[in-house]
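Enquirer: Take a look and give me a structure for this.
(chains A, B and C)
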Amino acid sequence: MIPKLDIPDGLSRDAAESLQGALAAQVVVEDRLGRIETVAGLDVAYDRQGKRATAAIAVLRADDLSVVETRTLDTAIRFPYIPGLLSFRELPAICALLQQVTVIPDLLICDGQGIAHPRRFGLACHLGVMFDVPAIGCAKTPLLGAVCEPGLARGDSTTLLDRGDIVGCALRTRSGVKPVYVSPGHRISVASACEWVLKLSPRFRLPEPLRLADQAARTAQADRLIPHPKKPSPR
DNA sequence: GCGACAG
DNA sequence: ATCTTGTCGC
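Expert: Numbering: from 1, shown residues only, chains lettered A, B, ... in the order given. Down below sits the predicted model:
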């Protein structure tokens, strides 16, 4: 599958922000899900010098959370980390990786914000719009918004408000553990995004697809420094 | 102007 | 994100 959009190289900060403002109009914050059989978690790990990035994807079956496939890809970093412009740093690697996957998953979850963003166009939105696939942003800390502490039980949540808009929610996926910050990326509502994240987090704080992708990215990053392939991938 | 600021 | 040791708790 070919993404309908591309991220130019050597983009200036101003140009990147303008691009977000324009692309934000394409985001659909309503449920346009279709049948969801596979869900994928996407994450990126970096080396110590901040030169190379390893993107990882973990594809799971939505019904029983069994792993369908895990894949990683190493690339050079071309954009610095700037709050609000994370997608320009991580998407090149993620997109390249996603294009290697046999079948694009029915729902994507990434480590970062969706519309809970200054220009309503966080990483999850950019990814979702590029591939025109339902996407959810699930961050470990909020980027903005008035955040109230949700109840202590698993499933408790509070809405994330910013400039009069409900942009997501703080969701407790594990009793007594810090909540995660969920916001729609594309083709999904705040309510559905929260439901999916909760459903995908039966045991740990982070949804299983994201947790496994995070794990895969770090392992691959470590193996890049010291090749220790215990389980060589087939082919 | 000052502080905050996903990964 | 990454650096970085031990430690408390289920």
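
Enquirer: CA atoms for contacts and neighbours, from now on please.
Expert: OK.

Enquirer: The longest helix seen in chain A: which residues count as buried?
Expert: When chain A is parsed with DSSP state H, its longest helix is helix A:208-225. For helix A:208-225, the neighbour count (16 or more other C-alpha atoms under 10 Å) marks A:208-222 as buried.

Enquirer: hmm, who's touching that helix?
Expert: A:39-47, A:53-60, A:65, A:70-72, A:109-111, A:200-202, A:229 (C-alpha atoms under 8 Å, 6 or more residues apart in numbering).

Enquirer: Can you give me the distance of A:Pro92 to A:Leu86?
Expert: According to C-alpha to C-alpha, to the nearest Å, A:Pro92 and A:Leu86 sit 11 Å apart.

Enquirer: Which one's more surrounded, these two?
Expert: A:Pro92 (21 against 16; other C-alpha atoms under 10 Å).

Enquirer: Just the pLDDT for the residue nearest to that one when sequence neighbours are not counted.
Expert: In this structure, A:Pro92 finds its nearest non-sequential neighbour in A:Ile7, 7.1 Å apart by C-alpha to C-alpha, 6 or more residues apart in numbering. Per-residue confidence (pLDDT) for A:Ile7: 77.

Enquirer: Same question for A:Gly176.
Expert: Reported pLDDT for A:Gly176: 93.

Enquirer: residues near it, how many?
Expert: 11.

Enquirer: so which strand or helix has it?
Expert: Assessed by DSSP states H and E, A:Gly176 sits outside every helix and strand.

Enquirer: any idea how far it is from DNA strand C?
Expert: 10 Å (C-alpha to the nearest atom of the strand, to the nearest Å).

Enquirer: so how many other residues sit close to the residue lying closest to that residue once chain neighbours are set aside?
Expert: Nearest residue to A:Gly176, sequence neighbours excluded (C-alpha to C-alpha, 6+ apart): A:Leu152, at 5.2 Å. Neighbours of A:Leu152 under the rule other C-alpha under 10 Å: 17.

Enquirer: Could you do the one 4 residues further on as well?
Expert: The burial count assigned to A:Asp156 is 18, neighbours taken as other C-alpha under 10 Å.

Enquirer: Show the pLDDT at it.
Expert: Reported pLDDT for A:Asp156: 96.

Enquirer: Is the least confident helix or strand in chain A by mean pLDDT in proximity to DNA strand B?
Expert: Sorting the helices and strands of chain A by mean pLDDT, DSSP states H and E puts helix A:208-225 at the bottom, at a mean of 92. No - if you take C-alpha under 7 Å from any atom of the strand as the test, helix A:208-225 misses DNA strand B, and the best it gets is 8.4 Å.

Enquirer: what do you get for stretch A:38-50?
Expert: Yes - using C-alpha under 7 Å from any atom of the strand, stretch A:38-50 comes into contact with DNA strand B via A:Asp43, A:Val44, A:Ala45.

Enquirer: and the most centrally placed residue in chain A, what does it touch?
Expert: Closest residue to the average C-alpha location of chain A: A:Cys110 at 1.0 Å, with C-alpha atoms, centre = their mean. If a contact means C-alpha under 8 Å, 6+ apart, then A:Cys110 has A:Gly41, A:Leu42, A:Asp43, A:Leu123, A:Ala124, A:Ala135, A:Ile136, A:Gly137, A:Cys138, A:Ala139, A:Leu210 as its contacts.

Enquirer: Next step: these restricted to helices.
Expert: Per DSSP H, the subset of the contacts of A:Cys110 in helices is A:Leu123, A:Ala124, A:Leu210.

Enquirer: what number of residues lie near the residue nearest to the first one when sequence neighbours are not counted?
Expert: In this case it means A:Leu123. Nearest non-adjacent residue to A:Leu123, counting by C-alpha to C-alpha, 6+ apart: A:Ser87, 4.6 Å away. By the measure other C-alpha under 10 Å, the count of residues near A:Ser87 is 25.
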